[in-house]
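S.K.: Based on what follows, work out the 3D shape:
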Amino acid sequence: MTLITQIEDKGAVVAWSPIGEYADVIALGSKEKGGIGFDDYGGSLELYNLNITNEGGQSSPTLLGTLQTSTRFASIAWSTAAAASTTGIDGTNDNTVSGSSTGIIAGGLLDGTVNLWKPSSIMNELPDATLASVTLPNNNNSNDGNGSNAGAVSTLKFNPHPDSRHLLATGTSSGHVWMMDCTTPEKNVFSPGDQQSQQGGGKITKVAWNSQVSHILASSSANGTVVVWDTRQKKPWCELRVESNCPVSDMAWNPTQGLHMMTASEGGGGHLRLWDLRASTSMPLTSLEGHAGGVLSMDWCPHDDTLLMSCGNDNRTLVWDLYS
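M.R.: Here you go, the predicted model:
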């Protein structure tokens, strides 16, 4: 492996632009503390061009634009949601750079808010960069009605299916799962289930939309469970008890088989488990054991469903052939 380029002094959550014309552009949401002591000095969202595909030769990353946020980031995602139309979710026609859509960036902040931004406006230093700022509903079941205490937005994910790209799934550190319709985000924050969708009180570590069915969503938790939600029926479809009292650090749907899922555990055993939901929701199909410590993250190759990559606390990145 070869280091191609780097950006110094940035502790951040990151997202790569899904827009082909801006394939070199990344978004960084600051995760490190901005000040000394107990004060929160806010955070920042920065867009960089990595300049790694320049025909004239590689150059250093270029800062394209920046804006300040009320607090630091816990998660970030970038969607092509606005790419299908020249009209943004705010009803304007200003969602393009050089006539080409740049999509929408969503940021999950530590104070329980989800912000939506137009990358084009950040790049062009326009004042309308913020499309919406939504505080997730109160997750402590108190009666003060102020919508606070949602906990940090620990994970978020745009629906990848063309007819549902406007849907954003979120998970919080207080253990709740919420969905947002980005066409009218201030009015459309709802639970995937009939009741407030709390997953055993553990932090939601990951949300993932099914690769084949647009209304199926999975959420993993620090309490060792994965819940698969049928958002059309507004109820859980099944629950996997992956490992007792051991956080599920990551999960992924098979890119071609909608009933196959891989889960990763933070425990010392470093287990990766493959589930066939047609066969069982209580016993995995098989387990992969290669990491000496817990698994930090993993991803299924979107181009070849036989390949899976995992990274662990043992400072190793492994690539698995699942069918050999």
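S.K.: Just list whatever residues bridge to Ala208.
M.R.: Beta bridges link Ala208 to Ala218 when assigned by DSSP bridges.
S.K.: Arg232 and Thr71: what is the separation?
M.R.: 34 Å (C-beta to C-beta, to the nearest Å). (C-beta placed from N, C-alpha, C; glycine too.)
S.K.: Can you identify each of the strands in the stretch 51-200 of the chain by residue range?
M.R.: Along the stretch 51-200 of the chain, counting by DSSP state E, counting those that start in this stretch, strands occupy 62-69, 73-79, 96-97, 100-101, 104-109, 113-117, 130-135, 153-158, 167-172, 176-181, 189-190, 197-198.
S.K.: who wins for proximity to Met261 among those strands?
M.R.: strand 153-158 (14.6 Å; C-beta to C-beta).
S.K.: Could I get the strands of the stretch 51-200 of the chain in CSV, plus columns for mean neighbour count?
M.R.: Listed next are the strands of the stretch 51-200 of the chain as CSV, based on neighbours: other C-beta atoms under 10 Å:
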stretch, mean neighbour count
strand 62-69, 15
strand 73-79, 24
strand 96-97, 18
strand 100-101, 18
strand 104-109, 25
strand 113-117, 24
strand 130-135, 18
strand 153-158, 23
strand 167-172, 26
strand 176-181, 22
strand 189-190, 16
strand 197-198, 21
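S.K.: In terms of mean pLDDT, which of these ranks lowest?
M.R.: With a mean of 38, strand 96-97 has the lowest mean pLDDT of the strands of the stretch 51-200 of the chain.
S.K.: Let me see the confidence value for Asn140.
M.R.: For Asn140, the model assigns a pLDDT of 45.
S.K.: Apologies, that question was intended for Thr92.
M.R.: 43.
S.K.: Select, out of the strands of the stretch 51-200 of the chain, the one closest to Ser17.
M.R.: Of all the strands of the stretch 51-200 of the chain, strand 73-79 sits nearest to Ser17, with 5.9 Å by C-beta to C-beta.
S.K.: ok, that closest one: who's next to it in the sheet?
M.R.: Sheet partners by DSSP bridges: for strand 73-79, these are strand 104-109 (antiparallel).
S.K.: distance between the strand it pairs with and the chain's centre?
M.R.: Distance, stretch centre to chain centre, for strand 104-109: 9 Å (C-alpha atoms, centre = their mean, to the nearest Å).
S.K.: just the angle between it and strand 167-172, please?
M.R.: 10 degrees (axes from the mean of the first three to the mean of the last three C-alpha atoms, to 10 degrees).
S.K.: quick one on the thing from earlier: switch the strands of the stretch 51-200 of the chain over to TSV; also include distance to Ser249.
M.R.: Formatted as TSV, the strands of the stretch 51-200 of the chain follow (distance: least, C-beta to C-beta, whole Å):
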stretch	distance to Ser249
strand 62-69	26
strand 73-79	14
strand 96-97	36
strand 100-101	34
strand 104-109	17
strand 113-117	22
strand 130-135	27
strand 153-158	11
strand 167-172	13
strand 176-181	17
strand 189-190	26
strand 197-198	20
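S.K.: thinking again about what came up before, if you count what's nearby, which of Arg232 and Thr71 comes out ahead?
M.R.: Shown here are Arg232 and Thr71; by other C-beta atoms under 10 Å, Thr71 has more neighbours (17 against 11).
S.K.: Any stretches of the stretch 101-250 of the chain with poor pLDDT?
M.R.: Filtered on pLDDT under 70, the stretch 101-250 of the chain yields the residue ranges 138-150, 194-201.
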